[in-house]
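**Student:** Whatever this is, show me its structure:
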Amino acid sequence: MRAMKNSGLSWLGDIPADWELLYPKQLFQVRKERAREDDVMLTASQHLGMISQDEFMEAESYTPVAVEKGHDILKHVEPGDFVISMRSFQGGLEYSRVRGKMSSAYLALYSTDERVEDEYFKWLFKSDGYISSLQSTSNLVRDGQALRFANFIQVFLPLPPSSEQRAIAAYLDKACSEIDRAIESSEASITEYNAYKWAVVNECVTSGIEHFGERRYSGSDLIGQIPVHWRKMPLKKLGDLQRGTGIKRDELKSEGLPCVRYGELYTTYSITIDAPHSSIDQELYDKCRRIEDGDLLIVLTGENNEDIGRAVVNNTGSSLAYGGDLLALRMVSQHPRFIAYALNSAYFGAQRTLASRGDIIVHMSAQEIAQAQVVIPPIEEQVAIAGYLDEKCAQIDAAIAAKRGIIDELKAYKKSLVYEYVTGKREASCQ
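**Tutor:** Residues are numbered from 1 along each chain as shown. You can find the predicted model right below:
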């Protein structure tokens, strides 16, 4: 049995008896060198560490804010440095394997003790226990707040023997790579399930369940062939369209009357709203437009073309207030869930894309979406198709949920593994 001792720190607990516990200034100092002329601009990624902006844009599909002025105050970074970034209170310190320059809002740390093995501290500084302890050094930790060296030096650091540091890092590199591959495999399966789900939806809302019988050209290349007895008409012909009333974030209440805001349509709900997640007070509720059970809500604003035009059905059995950038559709002779599936399909999405505008925020007008064409079968077929898709999509969603459960378990296991090894609860072979 390995001899252990009490570290005196709640985030570390017991550590091996031969490990040291040191003041951070004994191991790390701030790099104060200004950026060099040939330095590449680096960006902090919680998953990839300090990487070039080009790599960041490719990996994250996101463009960081460009530095337009103040190049003379940018900071130099060396391979092996650890960086305190704007998100360090969320995800720990970022490790840099490359030389470059970074924002003046960041802070680079370099090791001053030859016993420090960078690869071990790369894992330690990303462990949940260390991050929570770093968070506790500030009473005002919030999104975007910068942590400083004064915060860093408040968290005492374990220092295993150098050989054990190397062994821990080597083990975690191998074990966590295997876990990451398993996570990627499950995520790829989810992508395939989603693609299959929407392929089924697209086929059913343009061809029906049986997919046979006489067909004709719909008159639109975006839609193609449809059953001969189906009709095509603009969305506005299906019922009354009413745009919502603006509801600000600071007007939301923990308790009150139910409402729906546009962001929730593509982040929270699938085809139906079964339970609203937001509330407002009576005064604002009385001023807002409201949807009844069976009405559709269509989003007009989003971060990409997949967001806009997203449609869901009020399935709560009660009235819901709805916010701006949402369009309500009240129908009399159509089946709500069939229409929702149709509006979320590929052919309707293609029409949304053609009508959308904007780069950072994509939007379309109520008038434009009102003109988009919808393929309509007889009502009895709408009911049958919606029922079939409800069942089929539920099966696929269950498979997706199972995969997400596996991913959650793998991520939790990885976090536990990292914590147990960097704190010495488990011993890595030093061969």
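**Student:** Ignoring the adjacent residues along the chain, who's closest to Leu329?
**Tutor:** Ranked by CB to CB, 6 or more residues apart in numbering and with sequence neighbours excluded, the top spatial neighbour of Leu329 is Leu296, at 4.1 Å. Every C-beta, even on glycine, is put in place using the N, C-alpha and C of the backbone.
**Student:** hang on, isn't that neighbour packed against Leu320?
**Tutor:** No: with contacts defined as CB atoms under 8 Å, Leu296 does not count as touching Leu320, sitting 11.8 Å away.
**Student:** Which neighbours do those two have in common?
**Tutor:** Both Leu296 and Leu320 are in contact with Asn314, where contact means CB atoms under 8 Å, 6 or more residues apart in numbering.
**Student:** For burial, what's the neighbour tally of the nearest residue to Lys5 once chain neighbours are set aside?
**Tutor:** Leaving aside its chain neighbours, Lys5 sits nearest to Ala17 (4.8 Å; criterion: CB to CB, 6+ apart). By other CB atoms under 10 Å, 10 other residues sit near Ala17.
**Student:** What of Glu187?
**Tutor:** Number of residues near Glu187 (other CB under 10 Å) recorded here: 14.
**Student:** for it, helix, strand, or coil?
**Tutor:** Classification of Glu187 by DSSP: H, G, I helix; E, B strand; the rest coil places it in helix.
**Student:** is it true that it touches Arg404?
**Tutor:** No: contact criterion CB under 8 Å: Glu187 and Arg404 do not qualify, at 9.1 Å.
**Student:** Show me the strands in the stretch 151-300 of the chain, by range?
**Tutor:** Secondary structure of the stretch 151-300 of the chain (DSSP state E, counting those that start in this stretch): strands located at 157-159, 215-217, 225-227, 231-234, 239-243, 257-260, 272-273, 278-280, 290-291, 296-299.
**Student:** Please name whichever of those is nearest to Pro24.
**Tutor:** Between Pro24 and those, the tightest spacing by CB to CB is seen for strand 157-159, at 5.5 Å.
**Student:** which residues are contacting the closest one?
**Tutor:** Residues outside strand 157-159 that contact it (CB under 8 Å, 6+ apart): 7, 12, 15, 19-22, 24, 27, 113, 115-116, 121, 124, 165, 422-424.
**Student:** partners of it, with directions?
**Tutor:** Here strand 157-159 is paired, per DSSP bridges, with strand 20-22 (antiparallel).
**Student:** which residues in the stretch 301-431 of the chain form helices?
**Tutor:** Taking DSSP state H, counting those that start in this stretch as the test, the helices found in the stretch 301-431 of the chain are 336-343, 346-355, 366-371, 379-422.
**Student:** With the stretch 51-200 of the chain instead?
**Tutor:** Remark: helices assigned in the stretch 51-200 of the chain by DSSP H, counting those that start in this stretch are 53-60, 88-91, 118-124, 128-135, 149-152, 162-207.
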